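Asks: Task: produce atomic coordinates for the following.
(chains A, B, C and D)
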Number of protein chains: 4
Amino acid sequence: MNTIGKLYTLTSFGESHGEALGGVIDGCPAGIPLSKEEIQHELDRRRPGQSSVTTSRIEEDCVEILSGIFEGVTTGTPIGFIVRNKDQRSRDYDGIKDLYRPSHADYTMQAKYGVRDYRGGGRSSAREHVVRVVGGAVARQVLKRLGISIHGYTSQVGPIVLNKTYHELNLEETDANVVRCPDSVIAREMELFIRKVQEEHDSVGGVVSCVIRGVPVGVGEPVFERFQARLGYYMMGINAAKGFEYGEGFHAASMRGSEHNDAFVMRNGQVRTLTNHAGGILGGITSGEDIYFRVAFKPVATIGQEQQTVNRLGKEVTFIARGRHDPCVVPRAVPVVEAMAGMLVLDMMLEAGKIPYRV
Amino acid sequence: MNTIGKLYTLTSFGESHGEALGGVIDGCPAGIPLSKEEIQHELDRRRPGQSSVTTSRIEEDCVEILSGIFEGVTTGTPIGFIVRNKDQRSRDYDGIKDLYRPSHADYTMQAKYGVRDYRGGGRSSAREHVVRVVGGAVARQVLKRLGISIHGYTSQVGPIVLNKTYHELNLEETDANVVRCPDSVIAREMELFIRKVQEEHDSVGGVVSCVIRGVPVGVGEPVFERFQARLGYYMMGINAAKGFEYGEGFHAASMRGSEHNDAFVMRNGQVRTLTNHAGGILGGITSGEDIYFRVAFKPVATIGQEQQTVNRLGKEVTFIARGRHDPCVVPRAVPVVEAMAGMLVLDMMLEAGKIPYRV
Amino acid sequence: MNTIGKLYTLTSFGESHGEALGGVIDGCPAGIPLSKEEIQHELDRRRPGQSSVTTSRIEEDCVEILSGIFEGVTTGTPIGFIVRNKDQRSRDYDGIKDLYRPSHADYTMQAKYGVRDYRGGGRSSAREHVVRVVGGAVARQVLKRLGISIHGYTSQVGPIVLNKTYHELNLEETDANVVRCPDSVIAREMELFIRKVQEEHDSVGGVVSCVIRGVPVGVGEPVFERFQARLGYYMMGINAAKGFEYGEGFHAASMRGSEHNDAFVMRNGQVRTLTNHAGGILGGITSGEDIYFRVAFKPVATIGQEQQTVNRLGKEVTFIARGRHDPCVVPRAVPVVEAMAGMLVLDMMLEAGKIPYRV
Amino acid sequence: MNTIGKLYTLTSFGESHGEALGGVIDGCPAGIPLSKEEIQHELDRRRPGQSSVTTSRIEEDCVEILSGIFEGVTTGTPIGFIVRNKDQRSRDYDGIKDLYRPSHADYTMQAKYGVRDYRGGGRSSAREHVVRVVGGAVARQVLKRLGISIHGYTSQVGPIVLNKTYHELNLEETDANVVRCPDSVIAREMELFIRKVQEEHDSVGGVVSCVIRGVPVGVGEPVFERFQARLGYYMMGINAAKGFEYGEGFHAASMRGSEHNDAFVMRNGQVRTLTNHAGGILGGITSGEDIYFRVAFKPVATIGQEQQTVNRLGKEVTFIARGRHDPCVVPRAVPVVEAMAGMLVLDMMLEAGKIPYRV
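Replies: Numbers count the residues shown, from 1 in each chain, chains lettered A, B, ... in the order given. This is a model prediction of the structure:
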C-alpha cells in the first residue's frame, strides 16, 4: 500500500501537517558514495514557494538521513530518512474539517477509513511526494554511475503545447525558467498563462514529458512486469496524474504498421532501430533505444472560487478555499516524474541482473 | 513476472506454438457457482478467425479446468486450467527463426534470455491473452453477483473516432458487429477501413474504451496502490498497449479547475458528484461513480510488406512476413481489456475488504 | 497463498482426486538443458506404492511439461506442467464426506471456505507435494551446475534415532533402503518398527535431516529474509511438519557460548570456521560452510483404529478409516524436503545476485 | 528484505550505533485508539540494563511516532516512528573494526556487501528488535480488542528446563522475575545459573515458549502460507533463533498416531478437540484451540574469553571482547517473540478477512 518496488523499494509515511514525512529505501546497492546535496537539490526543485508560479507558502524541506550510510557510502542496509514539517501548526483547517472539497480525496478517505486527518489533505496531499523525491534522488545517483540519465520537462500547460520532440530541445535548459519548459519562448507563454489563470482564481492542467537514456537492452520482465506496465504504474501513482503514454502513445492509434514499425539496422556493431516509434521498449523489454513517455496532469483541485459541495452531515453547502495554492502542478511535478522513473529503472535493472549487488 | 494480482492472482504460462497455454487463478472466493460456458464465451470473443476483420487462422480455444471447482462451485483453492494449442505443428516458422522482425519482441527476447521460442512469437505472442481472458471471466462472474459490470468497446480505428461518451451509447450492442463498436454507423466505417488497410497489406492501431459500473466507494490503497495506478499497470501490460488514461485523461491537461472539478451533491441520501470528470476515482480511491478509461493500441507489427531488418548474425536483410494476421488488434482486444479490468477490480475489492471471503 | 518464492517461484494447483495437479515454475534461468528423466526420478522417489513401508496404493505420477522448454533448454519463460490423477474415480469417500477426521484438515477447511472437496483430503492431501517435487527437481538441476548439492535422509522414526552426524554417513546410500536412512543397521530397525506399527493399525512420526553443500558466502537478505527464516518457512509449509531447527538447533539452548562459537580460521586462502555449530549461516547470511537442518514430522493422522469425532451436523460419532495409508510419512518426505530446499536455495541465490540470469 | 508481512507490514531501518532506528507500520486498521504508553512499556521490557541478568549498558529507548495517528486514533495511513540512539558516540569499536568476531555477522556482512558498519554489530545487532517491538505492540493493541492474547515466557536457560505445560502456569507472573519464567522456583535457579555463567565470562542459550489464545477458526492460507509456516518464518527471523516447533513439535516424531490425534468433540455447541497435540493448527488453518510454540536461542556470541579469529587482511588473530553484554538473550527475547507473534496474527487475520478494515 505504501511500499513501491520489488528489489529497490521505497516505503513512505507521513501527513501534510503531521510531525514529519519520511521513508525507508531498501535494496540500494552497497558501496555507493551518496551525495546528500544532490538529494537536497531535488527536494528544493519540488518545494513550494520556489517561484512566482508556485504557491507562496514557504517550506524548507530538509532531509535527515538516519541509517544505511556509513563513512559516506551506502552499506546495503535500509536508508531511513525523515523530513520534518516545520509550519504544520500555523495553519487553520477547521473551516474544511467537515467539508468534502470537490475533486479532493476528503470524501473517499472518510468513506474508506471512517476517520481522516483533514489538515492540508493529510496523507492525500501532494506533499507526500517529498518522500518519493528522496527515493528517486538516491536511485538516480546509482544510475548516473551506470550512464543512465532521466530528463523530465513541462511540455503542455493548458492550451499551450510544446510541439517539439526531445531531440529538438536542449534538456539542460529545463530548469532555466520557472515552468521547467526547455524552450524559452513557449516557457514564457506558459508562465504568463499560469499567472492569468491564477489571477482568475482558477487552476490549469498540463503534461510532463520525460526521456530516459542509457538503459541497456534486456530490462523488463514479461508478461506482467513489462517495463511499460511498471512504468505506467509508477506514473499513474503520482497525485493528479490522469494519463500515461510512451513512444507514439495515443497517436499510435491512428498510425499504420508501415509507418509505426521501426526497422532494425546495425550501427557500430550493435542492433539498433532506424526510428524509435516504439519508445525504447519491445515486448515489454527495453531495446537499448531511448525510453520516452508523457504524463497528463489534471488542474489543481483547489481554486479560489465558490464551489458547491456536501458536508459530513450530508448537507449541501457552498465554500471558497482559503490560503494560496499552486495554480498549476506541472512545474513542480517534473522532479516527481523523474524521481519515480529513477526508482523504477533501478528496480528493474536489479531484477534483470544488470546491476551487480555491489556497484 | 508471470503472476499478477495481490489477493486474486493469475499465474500464466505457455507459448503460442507450444503444447498448451494455461494458468492458475488463486484467491477466488469460495462457494461461487462457476459457469464454464461463460468462460468459453469470452474465449470465443477473443479467438482468431471469428470474423472478416480478424486473421483467417482458426483456432478453437477450449479451456479445460483441472482443479478448484467441486460439485459446480469454487472451493477457495486454486483453479488450474489449460488451453491446448491444436495447430501448433502445422506452421512453419523456419523462415523467421534467425530474423528480428521489426517492432516484435524477437530481438529483445533473444538479447535478454540468449534463447527464444521463435514459433509465432513464442511467449510474446498475443495468444497468451487467452490465459488472461479465463482469469478475467472467472473474476467477472464473482463481480456480477455483486452488481459490478464491465463494458469495453472499440472507440477508434486509425483515423475513425467514435465521438460519443458511453452515456450516449447502448453498450449491449457492442458485439453486434465485427469491430465491437456500439454505434452501427461508425462501426461500418471502421470495418471498411480495416478491410482497406488489409488489402494494402498494412495494419492500423486503435483505442478501446471501457466503463466499470457498480464499484462501491472505498476501493484503492493509497499512496502507491491507487486504483488508477493498478488499473494502468494492468492495462499497460496488454500486448500492443501504448497509452492509458482515465476520466478526462490527457484532455484534463488543457482544462481549468473550475471546469474539471466535480461538485458533490446529495442524491437519494448518498454523496454523489454532479459531473464525473474524475472518472470515478478520487485520491486513488473509488468514489462510487462510474470508472471509465481508454487504452491506445499500436498498429499490428506484422504487415505484408517488405521490411528492413537484421538477423542474428548481425547482417542487415529484408523480409516479407508470411501467413495471415489481424490487420487491427482492437476488436479482439476488447475482451482482453475487460478481462484485465475484471481481475483488477476483484483483487482490489478483496484488498479493501469489500468482498467476504465466502460470497 | 499457492505461490512460493520471490524470484524463482512455484505456483501450485490441484486436488488429490481432481483431474490433475500441476504448477507453474517462474524465474528459472534461461539456457539450462533440463532432464525430464531427473524430474520423473524425483517423482518416483515420492510416489506411493514404491515399497513395503508405504501405502500399497499405486499411482504413476507422470509429469507433462507444457511450456518454457524449447529445443531441450529452458527459455526463461514459465514452465507449466501437470500430473494427471489416474485413479481418482476408483475410490469411494462417501463414508467420510460428512465427517471431520481427527488431526486432518477437514474441519478447518470446511470452517474456512464453507465447502470442501472431501475426496482423499482434496487440496489438503500430501499428494499436492508432487507439484513441489517437480519445482524442486528443476531448481536442483540448475544448482547442480553451480556445484550445489542437497541431501536429505531419515534420521528418526518413532523412538529409533540415528545418532550420527552427516559427516559420519555416506549420504549416497540413502536410497539403498526403503526408509531412506543411510545407515543400514538403523534402517533395518526403522523398517521393522514401521511394519510393527502398521500391524497395530497405527502410525508413527519421525525426523528428516538434510545438508546443503556448496552454497557460497553471501546468500540471505537480513533482517527479515534471513536464510534460516525463509528456510524455516519452506520447511514448515510441508504437510505434517511440526518443527524445524538448523545448526545445533534446540540443543543450542543448553550450550554455552564458549562451546557454540565457531572460531574463524584461514584455509586455502579462504575464511572458514573451525567448527560449524552455526549450521552455515551467520546473521542470516550463508557463510560458505555446510547448511544443515532437521524437520520433525508428526505421525500420519489416518490410522486403522476406531476414533471419536464429530460430523457436519455437530453430532459426536465414531469411525474407522478405510483404505490403506502410509504408517510413516518420513521416507517419502525426504524428496519433498530436498525439493523445498532446492527451490529456496535457487530463489535466494538469485536474490543475492549469485546466479547470472543466463547460467 | 527489511519489510515483513502482507497486509499488516513492518518496514525496519537503523543500525545499533547510527542516528536512529525506526520503522513504518502499514495496514493497521483505522479507528483504533492507540496507547503510546503500552508501546513504551513493551520497549522497556526489551531494553538493556533493566535487571541484574542483562547488560549493564543503559539505553532509554523512547519511541517517537511521526504519522498515522490523528486525534488519538489510527487513520489507516502508515505509522512512521523512530527511536533515537542516545549513546551511540560513547563507545569505541575501533578494536573490532577489522576483526570478524566468531559467530557474529561481521564476516558474512563484509563478504556480502563489501562494506559494513562495525559499530556494535551495525544492522546485525539485536538492537534492531526495538523496531519489531513497536510493530508488535501496535498489532497487539488491535488484537486485544478482538480478545486475542499472546503470552511468552522463558522455559529453558541452559540445562535448566521448566517441565510444565502452560496450563500449569500462571502466565500473568512472567514479568514478576528478571528471567521471565512464570515459576518462581525455576526462575530463581535460572537467575543463579545466568549469574554463574556471567562470572565465568561465558554465555548460555535457552528457549522461549509462547501461547496465543483467542484466534478464531479459519486463519491461515494453504498451501504455502500455512499459519505455522508463516509463524516459523517470523520466529526464525529473530536474531539468535536456532529452532522452532509448535504443538508437540519434535516430540511428535516419537509419537504414534493413536496418541497424537486429537478427537473432535462438541463443547458449548462448538466443534472443539479433546486434546490439543496439534497446537491449534490443522492443515495450516487455525482450529480455534490455543496455538502454542517454542523458539530455541543460541548462547550469546559475545563472551569475555579469548577467542581465535581472522581479520580483514586474512590473518589469524586472537581477541577478547570488551564491554558488557547479556550473558543470556532469553529474558529480553520474550517481548520480541510476543511482538513477532502479534504482527503475524494480525497480518493473517486480515488476510483471512477476520478483521473488518475499520475495527
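Asks: hey, let's count contacts and neighbours off CA atoms from now on
Replies: OK.
Asks: what sits against A:Val73?
Replies: Applying Cα atoms under 8 Å, 6 or more residues apart in numbering or on different chains, we find A:Val73 in contact with A:Ala30, A:Gly31, A:Ile32, A:Pro33, A:Leu34.
Asks: The first one against A:Thr74, yeah?
Replies: It refers to A:Ala30. Yes - A:Ala30 is within contact range of A:Thr74, at 4.9 Å (criterion: Cα atoms under 8 Å).
Asks: Run the angle between the helix ranked longest in chain A and helix C:330-351 for me.
Replies: Longest helix of chain A, by residue count under DSSP state H: helix A:330-351. Helix A:330-351 and helix C:330-351 are oriented at 130 degrees to each other (axes from the mean of the first three to the mean of the last three Cα atoms, to 10 degrees).
Asks: Which secondary structure elements does helix A:330-351 sit against?
Replies: Applying 3 or more Cα pairs under 8 Å, 6 or more residues apart in numbering or on different chains; DSSP states H and E, one finds that helix A:330-351 makes contact with helix A:36-46, helix A:129-145, strand A:149-157, strand A:206-213, helix A:227-236.
Asks: Point out the most buried one among the ones you listed.
Replies: Highest mean neighbour count among these (mean count of other Cα atoms under 10 Å in any protein chain shown): helix A:227-236, with a mean of 29.
Asks: The next helix-or-strand element following it near chain B at all?
Replies: Downstream of helix A:227-236, the first helix or strand assigned by DSSP states H and E is strand A:241-246. Yes - judged by Cα under 8 Å from any Cα of the partner chain, strand A:241-246 comes into contact with chain B at A:Lys242, A:Gly243, A:Phe244, A:Glu245, A:Tyr246.
Asks: Pull the longest helix of chain A out as CSV, backbone CA atoms only.
Replies: Included here for helix A:330-351 are C-alpha records, laid out as CSV according to Å, rounded to 0.1, in the frame of the first residue of the first chain:
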residue,chain,number,x,y,z
VAL,A,330,3.2,20.7,-13.6
PRO,A,331,6.4,22.6,-12.9
ARG,A,332,6.8,21.0,-9.5
ALA,A,333,5.7,17.6,-10.9
VAL,A,334,8.8,17.4,-13.1
PRO,A,335,11.1,16.3,-10.4
VAL,A,336,8.5,13.9,-9.1
VAL,A,337,8.1,12.2,-12.5
GLU,A,338,11.9,12.0,-12.7
ALA,A,339,12.1,10.5,-9.2
MET,A,340,9.5,7.9,-9.9
ALA,A,341,11.2,7.0,-13.2
GLY,A,342,14.6,6.7,-11.4
MET,A,343,13.2,4.3,-8.8
LEU,A,344,11.5,2.2,-11.4
VAL,A,345,14.6,1.9,-13.7
LEU,A,346,16.9,0.9,-10.8
ASP,A,347,14.3,-1.6,-9.5
MET,A,348,14.0,-3.3,-12.9
MET,A,349,17.7,-3.1,-13.7
LEU,A,350,18.3,-5.0,-10.4
GLU,A,351,15.6,-7.6,-11.4
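Asks: Would you mind getting the angle between that helix and strand A:149-157?
Replies: If you take the same axes, to 10 degrees, helix A:330-351 sits at 150 degrees to strand A:149-157.
Asks: Make sure A:Thr11 is indeed in a strand.
Replies: Yes - assessed with DSSP: H, G, I helix; E, B strand; the rest coil, A:Thr11 lies in a strand.
Asks: residue contacts, the residue nearest to it when sequence neighbours are not counted?
Replies: Leaving aside its sequence neighbours, A:Thr11 sits nearest to A:Thr3 (Cα to Cα, 6 or more residues apart in numbering or on different chains; 4.1 Å). Neighbouring residues of A:Thr3 by Cα under 8 Å, 6+ apart: A:Thr9, A:Leu10, A:Thr11, A:Ser12, B:Phe224.
Asks: Just the buried ones among those residues, please.
Replies: A:Thr9, A:Leu10, A:Thr11, A:Ser12, B:Phe224 (16 or more other Cα atoms under 10 Å in any protein chain shown).
Asks: between these, which is closest to B:Glu168?
Replies: B:Phe224 (33.8 Å; Cα to Cα).
Asks: List phi and psi for the closest one.
Replies: B:Phe224 has phi and psi values of phi -100, psi -30 when expressed as degrees, to the nearest 10.
Asks: Enumerate every residue touching it.
Replies: Neighbours of B:Phe224 in contact, by Cα under 8 Å, 6+ apart: A:Met1, A:Asn2, A:Thr3, A:Ile4, A:Tyr234, A:Gly237.
Asks: Would you confirm that A:Arg312 contacts A:Leu99?
Replies: Yes - under the criterion of Cα under 8 Å, A:Arg312 makes contact with A:Leu99 at 6.2 Å.
Asks: Compare these two (neighbour count), which wins?
Replies: Neighbours were counted for A:Arg312 and for A:Leu99 using other Cα atoms under 10 Å in any protein chain shown; A:Leu99 has more, 22 against 14.
Asks: how near is the closest residue to A:Ala252 other than its chain neighbours to A:Tyr246?
Replies: Leaving out its chain neighbours, the residue that sits closest to A:Ala252 by Cα to Cα, 6+ apart is B:Lys298, at 4.8 Å. B:Lys298 is 11 Å from A:Tyr246, where distance means Cα to Cα, to the nearest Å.
Asks: The two: which is more packed in?
Replies: Under the neighbour definition other Cα under 10 Å, B:Lys298 and A:Tyr246 were set side by side, and B:Lys298 has more, 34 against 29.
Asks: what's near enough to touch that one?
Replies: A:Gly249, A:Ala252, A:Ala253, A:Met255, A:Gly257, A:His260, B:Val204, B:Gly205, B:Gly206, B:Ala240, B:Ala241, B:Lys242.
Asks: correct me, but the first one touches B:Pro299?
Replies: Going back to what we said before, that points to A:Gly249. No - applying Cα under 8 Å, one finds A:Gly249 not in contact with B:Pro299, separated by 11.3 Å.
Asks: So those two - more neighbours on which side?
Replies: When A:Gly249 and B:Pro299 are compared for neighbours, B:Pro299 comes out ahead with 32 against 23, by other Cα under 10 Å.
Asks: host element of the more buried one?
Replies: With DSSP H and E as the test, B:Pro299 turns up in no helix or strand.
Asks: and stretch A:194-207, how far from the chain's centre?
Replies: Distance, stretch centre to chain centre, for stretch A:194-207: 20 Å (Cα atoms, centre = their mean, to the nearest Å).
Asks: And the contacts of it?
Replies: Contacts of stretch A:194-207 (Cα under 8 Å, 6+ apart): A:53, A:154-158, A:294-305, A:326-330, B:250, B:252-258.
Asks: mind running it again at 7 Å?
Replies: A:53, A:154-158, A:294-300, A:303-305, A:327-328, A:330, B:252-258 (Cα atoms under 7 Å, 6 or more residues apart in numbering or on different chains).
Asks: Kindly give a single ChimeraX line that selects the buried subset of those residues.
Replies: Selection of buried members from these for ChimeraX, criterion 16+ other Cα under 10 Å:
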select /A:53,154,155,156,157,158,294,295,296,297,298,299,300,303,304,327,328,330 /B:252,253,254,255,256,257,258
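Asks: pLDDT wise, what is A:Ala228 at?
Replies: To be clear, residue A:228 is Gln; Ala isn't right here. Confidence at A:Gln228, expressed as pLDDT, is 98.
Asks: That one touches B:Tyr234, doesn't it?
Replies: No - contact criterion Cα atoms under 7 Å: A:Gln228 and B:Tyr234 do not qualify, at 10.5 Å.
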